[in-house]
Every structure is written in C-alpha cells, then in structure tokens.
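below: sequence and its predicted model.
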Amino acid sequence: MSEKVSFPAKDGSSATGEIVWPKQGDKSPAVVLIQEWWGVNDHIRSLLDRLADAGFIALAPDLYHGKTTKDATEANRLMVELDKPRALAEIAGAVRFLSAHERSTGKVGVIGFCMGGALSFAAAATIPELAATVPFYGIPSPAPDYARVKAPILAHFAARDGWATPAAAEAIQKELAAHGQSMELHVYDADHAFVNDTRPEVYAPEAAKLAWERSIAFLKQHLG
C-alpha cells in the first residue's frame, strides 16, 4: 500500500507523490516510477507495490498534482498541458529525496510508462544522479541532449505502436551509440501500453511478464 509523501523539487518548491517501502528493514535501492498519461492511479500504485516486493523503495511523483482520468481525450489534454521542465524538476527532486533518505542505499533508478517512458529518457539526459533508466514505449519531444546521458538504459517498445515506434527507439539507440552510450532495446509482439493489465484491449500477459522480469534484473544489476 502506498502512502502520500512530500519532497522538494529541484528548484526547492514543494512536490508530492506516493511511496511504497520494501518489507525488509535494511537499506534498499530506490526507483522513481513515472506515471502514464492517466495520472497516478491504481495501476501505477500496483506497480509501486510490485517494485517494493522486488526490494526497492518506490516513489511515483504526482506530476498532475492530484488529477487522474480514465478518458483518453482528457489524458491527452493533461499530457499536452504538462509543464515538462516542472515535471523534470519534480522527478529530479524525487531522485535526490530517495538518494539521501536514511532507508536508501543512495542508488536510484527511474522507470516510466507511456508519457512516463518519454520522461524517463528526458530524465536520463538531465539528472546525472541516476544509476539506471528503464523507459517503456515513450519517445520524448523535444528530444533531450543524449550526449549527457550517463546511466545505462533498458528500453521496452511494442511492434504495433504507432506513437512510440520501434524505428524511433532504434534512432535513439543509434544516437546514444554515437556518443559512446549503450541502450539495450527490446521490441515485443504487442501493442502500446502492453504492460497495463487494467486495459484488456492492449494487455499482453507474456510480453508484460518478460519485460518486467528483464526490468527488475536490470535494476538490481545497476542499483545493487
């Protein structure tokens, strides 16, 4: 079960989110979970629980500041209207909050889905403290400066995705390679948002299970 948490954004202003603690009492690595365009809803809370069950402190910043929706038109409006620099400042604040927390080992990664996947790429290029980045089916616009990426990236995309296309993911992979950075890329025989088990029209259980297992192994490898 998640609990509400407040923390300072990068600029010192107040930010909020929801956090779940792992059951073990020792210091743990931490993960910032970035929401889909629907907001911090029950699906995001279920992913927080799963991250905590895997041994991570998990925090989802509330980038919509209390708003959620089940309507795609409204979700698109909320995403388009999102103040991206502000969102990245809140994500950076979450990373710093977790890094300094007494229950943390100090190592923090980020994982994001859909809109959160796009913001994960942007975070990798703007938050040097990150130790690992796991974007799911999201392409940032405008593109960040990939030359600034330091953290390893594991990216998951869907073959039948007209928005976050595999070709766009491959272009990011090539650009990172040009700067001496690697990105592990997996493309699944699935549709956009295939991990979201609250959406039966796109949920792909086998692909979701494999992508999640790969993600947890990657985070454990790089966060310890």
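Perfect, thanks for sending it. Residues are numbered from 1 along each chain as shown.

the closest residue to E170 other than its chain neighbours is in what secondary structure piece?
Once flanking residues are discounted, E170 sits nearest to L185: 6.9 Å by Cβ to Cβ, 6 or more residues apart in numbering. Where you see a C-beta, it was placed from the backbone N, CA and C, and this is true even at glycine. Take DSSP states H and E as the rule and L185 turns out to sit in strand 183-191.

show me what that strand is packed up against.
With contacts taken as 3 or more Cβ pairs under 8 Å, 6 or more residues apart in numbering; DSSP states H and E, strand 183-191 sits against strand 153-160, helix 166-178, helix 205-223.

partner strands of it and their direction?
Counting by DSSP bridges, the strands paired with strand 183-191 are strand 153-160 (parallel).

what about the residue most central in space within the chain, distance to H179?
Centroid-nearest residue in the chain, with Cα atoms, centre = their mean: G112, separated by 2.0 Å. The spacing between G112 and H179, counted by Cβ to Cβ, to the nearest Å, is 21 Å.

kindly report the same for L223.
To H179, L223 is 23 Å away according to Cβ to Cβ.

who has more neighbours out of these two?
Comparing L223 with H179 by other Cβ atoms under 10 Å, the one with more neighbours is L223, at 19 against 11.

for F121, what are its contacts?
Contacts here follow Cβ atoms under 8 Å, 6 or more residues apart in numbering; on that basis F121 touches T133, P135, G138, I139, P140, P144, I153, I172.
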